[in-house]
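>>> Okay, structure incoming, though there's no sequence with it:
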């Protein structure tokens, strides 16, 4: 069951309420997206840690329902 | 009780300075993201060992738990998880990947 951009954004915002999220659909097939996420939660964290925060917010969908999510993360 | 799959993973990442857990092989990558990291490593001129997770279901799942990272490819330098395709691309474009290799004492050939 493919995911919709709004679903991804909602999950990320649930975990990081201050996050500014923009989602680009890479392939139009519902499981290849790119996302830019800006949140205070990333401050002082390495890139790996920042991306792990986003993957955790997706509660296990990453790598399953969601095949690819190219991430750009940063603190404000 | 140690995890035998984790032990096998640690065996690989400790035996080789640079290890790429990928889909396919460096010569025949079978996923766009894996192919992109292979290209970057070749461009930077870093010799690496490719581990084809498509041939080993245990490693394919075990590596995700090991690094708490849900996707493949995964790059390890001197036993340390560096990142997946996005992070390697970002580091490469910022020149940080070449920097990391030097810092870790990984030989980089003329390709850099």
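Yep, it's here. Note that the coordinates shown come from a computational prediction; the quantities given were computed from them, not determined experimentally. Numbers count the residues shown, from 1 in each chain, chains lettered A, B, ... in the order given.
>>> what sits against residue B:62?
B:3, B:5, B:6, B:8, B:9 (C-beta atoms under 8 Å, 6 or more residues apart in numbering or on different chains). Every residue, glycine included, has its C-beta placed from N, CA and C.
>>> let's go with 7 Å and repeat that
B:5, B:6, B:9 (C-beta atoms under 7 Å, 6 or more residues apart in numbering or on different chains).
>>> Go through those residues and flag which are in helices.
Using DSSP state H, the subset of the contacts of residue B:62 located in helices is B:5, B:6, B:9.
>>> now the residue in chain A that chain B sits nearest to, nearest residue through space, not along the chain?
Ranked by C-beta to the nearest C-beta, the top residue of chain A for proximity to chain B is residue A:63, at 3.7 Å. Using C-beta to C-beta, 6 or more residues apart in numbering or on different chains and skipping residues adjacent in sequence, the residue nearest residue A:63 is residue B:70, 3.7 Å away.
>>> Report how many residues lie close to the closest residue to chain A within chain B.
Closest approach of chain B to chain A (C-beta to the nearest C-beta) occurs at residue B:70, with a separation of 3.7 Å. For residue B:70, the tally of surrounding residues (other C-beta atoms under 10 Å in any protein chain shown) stands at 20.
>>> mind checking the SS state of it?
Three-state assignment for residue B:70 (DSSP: H, G, I helix; E, B strand; the rest coil): coil.
>>> What does it show for phi and psi?
Phi and psi for residue B:70, reported as degrees, to the nearest 10, are phi -80, psi 0.
>>> what's near enough to touch it?
Residue B:70 makes contacts with A:55, A:62, A:63, B:64, as judged by C-beta under 7 Å, 6+ apart.
>>> what helix or strand does the nearest residue to residue B:53 once chain neighbours are set aside sit in?
Leaving out its chain neighbours, the residue that sits closest to residue B:53 by C-beta to C-beta, 6+ apart is residue B:60, at 3.9 Å. Element membership of residue B:60, judged by DSSP states H and E, is helix B:57-67.
>>> List the buried residues in that helix.
Buried residues in helix B:57-67, counted by 16 or more other C-beta atoms under 10 Å in any protein chain shown: B:59, B:60, B:62, B:63, B:64, B:66, B:67.
>>> Check stretch A:5-17 too.
Neighbour counts over stretch A:5-17 (16+ other C-beta under 10 Å) mark A:7, A:8, A:9, A:11, A:12, A:13, A:16 as buried.
>>> So the first one: helix, strand or coil?
Translated: residue A:7. What three-state DSSP gives for residue A:7 is helix.
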